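>>> let me see the structure of the following:
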Amino acid sequence: MFDDFTEEYIKTANVRMFIRRSGEKSAPPLVLLHGYPQTSAMWHKVVPFLSGHFQIIIPDLRGYGRSDKPDSDEQHLTYSKRSMANDIVELMTMLGHDTFFIGAHDRGARVAHRLGIDHPDKVRAMVLLDIAPTREMYDSTSSKFSEAYWHWYFLIQKAPIPEQIIGQNPETFWRLKCFNQAGGKNPFAPEALAEYISAFKDPAVIHASCEDYRAAATIDIEHDDQDQGIKLSTPTKVLWAKNGTIDLCFDVLPLWKERATNVCGKAVDATHYMAEEIPQEIADNFISFFNEQKEITK
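Numbering: from 1, shown residues only. This is a model prediction of the structure:
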C-alpha cells in the first residue's frame, strides 16, 4: 500500500512507535494521524497525491496498530490527548523536525487539537477531518447524536465491560461500527481492511482504544477546562462529512470558532471515512491550505 515508504520503530521517552515515512528531506514535514479503530494504513490512498510536496511521517498512535500499548491508570491519563500529543512532538523532534504540518482524522484530529494548544510553536498549520471539539460535542449531546455515535457511550463504560463484549468477536464489532459510519458500505481497500482487523483483534488494542475514549470523556475535558479560555492559534482548516453525523448534529464551524482563532472549513461530499472515499480531494485540500500558510509566513 505504501510504495517508496520505509517502515520503522522509533522509541520516544514513553512508547515505541511504529511509523511509515517517505519524501525528500528538504521537503516540509507533514505528520498524518489516524482515527479509531484504524492504523496509519488509513492514509494509503491519500499519500500518492502528496508525493513531492512533503516529507510524510505516519505513525500508529499509542495504543493502536504496531505502536506500544502502555498500561493505563485510574485517570486514563496514559491515553489522554495530551499524552498522545506529546508522543508526536517527541517523535518529530527525534526525526529532526522542530515544526511541521498536521493532517488528522477522527481521534487523531483530537490529538492534533491538543497538540496545537500545548505546543503552538510546533505546528505550522493543520487540517482536521470530521470532528468538532470533543468538549463541545459532549456538551451538545442529543438523542440523534447518541444514536449515531453509540460507540462513544459504549466504549467509556467501566473496564472490562466493553473489552469483554468486543473481545467475543472483534472483527464483527469493527465491521459493524465502521460500515455503519460509512453509510452501510465498505469503503476500505482489502489490504487496509486486513491490517485494521488484524490489529484490532489484539486484546491490548481493544483495551487501549477503550481507554482513549474514556480519557476523552474525562481527563481530556478537564484539560480543556484548564485552558481558561486559551484558543487554538494554529491556522486550522476543518473538513467534515456532508453525509455524516457531524454535519447532521452540529453547527461545525461556529463550534470551532469558539475554540480557535484562525479556522476555516467546509463540508465535503463523503461519509466519515473521507480519506479513503475521496483521497484526491483530501490531498488537494492539504496541499492548497499548507501552501497558503507557507506563503503567509514567508
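>>> helix or strand: which one has Ser146?
With elements taken from DSSP states H and E, the one containing Ser146 is helix 143-148.
>>> what are the buried residues along that helix?
Going by neighbour count (16 or more other C-beta atoms under 10 Å), the buried part of helix 143-148 is 145, 148. Any C-beta I mention is one placed from the backbone N, CA and C, and that applies to glycine too.
>>> what ranges do the helices span in the stretch 151-298 of the chain?
161-167, 170-181, 190-200, 203-217, 219-226, 245-249, 252-259, 274-277, 279-296 (DSSP state H, counting those that start in this stretch).
>>> winner for burial among those helices?
helix 274-277 (a mean of 25; mean count of other C-beta atoms under 10 Å).
>>> tell me where the model's unsure across the chain.
Applying pLDDT under 70 to the chain flags the ranges 296-298.
>>> quick one: the residue sitting nearest the centre point of the chain and Ile282, what's the gap?
By C-alpha atoms, centre = their mean, the chain has its centre lying nearest to Gly108, at 1.5 Å. Counting by C-beta to C-beta, to the nearest Å, the gap between Gly108 and Ile282 amounts to 13 Å.
>>> one step back: of the helices of the stretch 151-298 of the chain, which approaches Thr6 most closely?
helix 190-200 (16.8 Å; C-beta to C-beta).
>>> contacts for that closest one?
1, 37-39, 41-42, 44, 64-66, 170-171, 174-175, 178, 186, 188, 205-206, 209, 276 (C-beta atoms under 8 Å, 6 or more residues apart in numbering).
>>> same deal with stretch 260-267?
Identification of contacts with stretch 260-267 by C-beta under 8 Å, 6+ apart yields 231-242, 247, 252-253, 256-257.
>>> buried only: go through those residues for me.
Buried among those by 16+ other C-beta under 10 Å: 231-232, 234-241, 247, 252-253, 256.
>>> what would those residues look like in JSON lines with distance to Pro162?
Listed next are the buried ones among the contacts of stretch 260-267 as JSON lines, based on distance: C-beta to C-beta, whole Å:
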{"residue": "Lys231", "distance to Pro162": "33"}
{"residue": "Leu232", "distance to Pro162": "30"}
{"residue": "Thr234", "distance to Pro162": "33"}
{"residue": "Pro235", "distance to Pro162": "37"}
{"residue": "Thr236", "distance to Pro162": "31"}
{"residue": "Lys237", "distance to Pro162": "33"}
{"residue": "Val238", "distance to Pro162": "29"}
{"residue": "Leu239", "distance to Pro162": "29"}
{"residue": "Trp240", "distance to Pro162": "26"}
{"residue": "Ala241", "distance to Pro162": "25"}
{"residue": "Asp247", "distance to Pro162": "27"}
{"residue": "Val252", "distance to Pro162": "28"}
{"residue": "Leu253", "distance to Pro162": "32"}
{"residue": "Trp256", "distance to Pro162": "29"}
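>>> what is the nearest of the residues you listed to Phe154?
The closest of these, once distances to Phe154 are taken by C-beta to C-beta, is Ala241, at 21.2 Å.
>>> could you give the bridge partners of that closest one?
In this entry, Ala241 is beta-bridged to Val268, by DSSP bridges.
>>> right, and Met84 touches Tyr64 too?
No: counting by C-beta atoms under 8 Å, Tyr64 is not a contact partner of Met84; they are 9.8 Å apart.
>>> more neighbours, the two?
Per other C-beta atoms under 10 Å, whichever of Met84 and Tyr64 has more neighbours is Tyr64, with 30 against 27.
>>> now the phi/psi pair for the more buried one, please.
Per-residue torsions, Tyr64: phi -120, psi 150 (degrees, to the nearest 10).
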